[in-house]
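Undergrad: Need the 3D shape of this:
(2 chains)
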Amino acid sequence: MLGWLKRNNSAIVGLDGTQFNYVDPSNPSSQRTLAVPWRMTRRMHSLKRTSLSTPPPPPPPATQA
Amino acid sequence: MNVTDDGAYVDPDPGHGVPDTAQQLYGRTWNINSTTTVETMSGFIANAVNNTGASWAPDIMKCFAPQNVPIITTLAMEFAVSDNFYAAIPGPTFPNRLMTQSATTWGYGANDVTQTILGWPQESIWSSLTNASVSWRVYFEEAPTALLFQDTRNAAAMGNFKWMSDFVSDVAAGDLPQFTYLDPSYFTIAGLINATDQHPSHDVLDGERLMKTVYESLRASSMWNSTVLIITYDEHGGFYDHVPPPNTGVPSPDGIPCRDCGIPFNFDRLGVRIPLVVVSPWVAKGTLVHNPPASAKPTPTSQMELSSIPATLHQVYNTRSFLTARDAWAVPLNWIWEESGIVTPRTDCPATLPPIPADSSPAFVGKPLQGAAPLTHLQADWVAMMHGVTGGAQSAADVAAANAQLRLTTESAAGLWMRRAMGDKLAEAAAVRAATARKTVVTHPVELE
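TA: Next comes the predicted model:
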């Protein structure tokens, strides 16, 4: 959360935008990251959250406009 | 595309268990006990791909721009911020909170459900402070983290737990103990509470609101000139950082190897950096806390990490002893305000903090489901803790059965149940304390005879 504070105080050991990860750390020719719109990923992964012993109730039926 | 500053609302929770963090540090799964292999901080994307799929991986490299989190940014710039403070272990929430409050996890590297129900048996800072006659209090919304320990699950200790809604009025009345601990809310309850824990999938702005309220209350109070507010986090949450955590000379707290890490681990290395902001009129504006002075370090290898909290309490309040070898090693934090060079409290501290950004800000599009979502793993663990506190469960199977009976299917339902159960428990504890007090009055004359 505080990584970019280096912009406010250059003495801070923080982010300057040059840091990166490869998708495959053992392969420097691999992509540095994958460009996927985050809105799409949020919808996809909202389905993966944990439920307790009983499933959530079904959504109410859609109303007609 | 490298690390970016467009951090935003995320769901789900990135991996940050011990094996996950090992991969994030080294780019591959390996024996995390080795201190001979270089930490490359190269495995964050690879771990995100493993855990949640390639499509989600870019989010792991997105960090918040300072202007999108103006409260903690302002506090960091107006007071002291550290760029050299670490989680106590490279693992998840409960182990790091156990380290914060007892300097050991008693051998657990995960949020063990059974032990969460039964409570951890080691001495915590809470009984340590009580034994030293130091007053303390925990403010909370659903349940205090302190209830992870067996030594707080009694009527006397529960007399130190108060609802967060009392905090502002208590501060205004000058009624705070020597040591206060604030738990954020961990559940969004529709129409009642927006979770303030900043944990995915909750909005970080709600956590910013909590910090703003706490700061402005303290700043306006008669206690301000004798107050130090420490803001920190329990771990990195699985998000990217580029600074390798120190791994030299870190002592195992008690020699117990990890029971449940999935890879060999002896609790002899630190986790990823986490924020530390120290707010006080005794701290100079714009202080950067990087290297503690040698006089503040118990050993040449000592570092500032979450075990610095119990170490600080031992040093400031002269508790009977350190709790484990780890808080004896960690750097106490009181040098930050005691050696700041300030001889009279500052008078230029801001009375108010900036407004919270509008929810329509692009960085925060995608609000949580307002309590309708199923429980996260962490929320399920809090519920398990409460079943243990109420005596309603002895095992994970008991918890599952009780949850089904109570229909705790959403975070809203679970949060409400947590609050009701905690309210009942506090009332029960108050009745026990009152009965004990009456007995004392009755027996006292007998003793005189």
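
Undergrad: Pull out the buried positions in stretch B:4-15.
TA: B:Thr4, B:Asp5, B:Gly7, B:Ala8, B:Tyr9, B:Val10, B:Asp11, B:Pro12, B:Asp13, B:Pro14, B:Gly15 (16 or more other CB atoms under 10 Å in any protein chain shown). No exception for glycine: its C-beta is placed from N, CA and C like everyone else's.

Undergrad: scratch that, stretch B:62-77 is what I was asking about
TA: B:62-66, B:68-77.

Undergrad: With stretch B:343-358 instead?
TA: Neighbour-count burial for stretch B:343-358, counted by 16+ other CB under 10 Å, picks out B:Arg346, B:Cys349, B:Leu353, B:Ile356, B:Pro357.

Undergrad: Wasn't the second one part of a strand?
TA: To tie it back to what came earlier, the one meant is B:Cys349. No. Going by DSSP: H, G, I helix; E, B strand; the rest coil, the assignment for B:Cys349 is coil, not a strand.

Undergrad: Quick check: nearest residue in space to the closest residue to chain B within chain A, chain neighbours excluded?
TA: Closest to chain B within chain A is A:Pro25: 3.1 Å, counting by CB to the nearest CB. Using CB to CB, 6 or more residues apart in numbering or on different chains and skipping residues adjacent in sequence, the residue nearest A:Pro25 is B:Gly27, 3.1 Å away.

Undergrad: I'd say that neighbour and B:Ile45 touch.
TA: No. Between B:Gly27 and B:Ile45 there is no contact under CB atoms under 8 Å: 9.6 Å.

Undergrad: For stretch B:124-132, buried residues please.
TA: Quick answer for stretch B:124-132 (16+ other CB under 10 Å): B:Ser124, B:Ile125, B:Trp126, B:Ser127, B:Ser128, B:Leu129, B:Thr130.

Undergrad: Let me see the mean pLDDT of it.
TA: On average, the pLDDT along stretch B:124-132 is 98.

Undergrad: Contacts for that stretch, please.
TA: B:101-102, B:135-136, B:146, B:149, B:151-152, B:156-157, B:160, B:178-179, B:309-310, B:313-314, B:317-320, B:323 (CB atoms under 8 Å, 6 or more residues apart in numbering or on different chains).

Undergrad: Run the chain-centre distance for that stretch.
TA: 18 Å (CA atoms, centre = their mean, to the nearest Å).

Undergrad: B:Ser226: how many residues sit nearby?
TA: As a burial measure, B:Ser226 scores 12 neighbours (other CB atoms under 10 Å in any protein chain shown).

Undergrad: An error on my part: the question was meant for B:Ile263.
TA: 16.

Undergrad: Which residue does chain B have closest to chain A?
TA: For chain B, CB to the nearest CB, closest residue to chain A: B:Gly27, 3.1 Å.

Undergrad: Can you name the residues that contact that residue?
TA: If you count contacts by CB under 8 Å, 6+ apart, then B:Gly27 has A:Pro25, A:Ser26, B:Thr40, B:Ser42, B:Gly43, B:Ala46 around it.

Undergrad: Make a PyMOL selection of whichever of these turn out to be buried.
TA: Filtering these down to the buried ones (16+ other CB under 10 Å) takes a single PyMOL command:
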select buried, (chain A and resi 25) or (chain B and resi 42+43+46)
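
Undergrad: would TSV of the contacts of B:Gly27 with secondary structure, distance to B:Arg420 and pLDDT be doable?
TA: Converted to TSV, those look like this (DSSP: H, G, I helix; E, B strand; the rest coil; distance: CB to CB, whole Å; pLDDT from 0 to 100):
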residue	secondary structure	distance to B:Arg420	pLDDT
A:Pro25	coil	48	81
A:Ser26	coil	52	80
B:Thr40	coil	48	89
B:Ser42	coil	47	91
B:Gly43	coil	43	92
B:Ala46	helix	43	90
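
Undergrad: Kindly reformat the contacts of B:Gly27 as CSV containing distance to B:Ser252.
TA: Shown next, in CSV, are the contacts of B:Gly27 (distance: CB to CB, whole Å):
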residue, distance to B:Ser252
A:Pro25, 28
A:Ser26, 31
B:Thr40, 25
B:Ser42, 27
B:Gly43, 24
B:Ala46, 28
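
Undergrad: which of the contacts of B:Gly27 lies closest to B:Asp183?
TA: Of all the contacts of B:Gly27, B:Asp183 sits closest to B:Gly43, with 31.5 Å by CB to CB.

Undergrad: And the pLDDT at the nearest residue to that closest one once chain neighbours are set aside?
TA: In space, and not counting its chain neighbours, B:Gly43 is closest to B:Gly27: 3.9 Å by CB to CB, 6+ apart. You'll see B:Gly27 listed with a pLDDT of 87.

Undergrad: pretty sure B:Thr301 contacts B:Asp268?
TA: No. Taking contacts as CB under 8 Å, B:Thr301 lies outside contact range of B:Asp268: 11.2 Å.

Undergrad: Show me where chain B has its strands.
TA: B:80-82, B:85-86, B:136-140, B:161-163, B:179-182, B:229-232, B:276-279, B:287-289, B:304-305 (DSSP state E).

Undergrad: just the ones you listed: most buried one?
TA: Among those, judged by mean count of other CB atoms under 10 Å in any protein chain shown, the one packed with the most neighbours on average is strand B:304-305 (a mean of 28).
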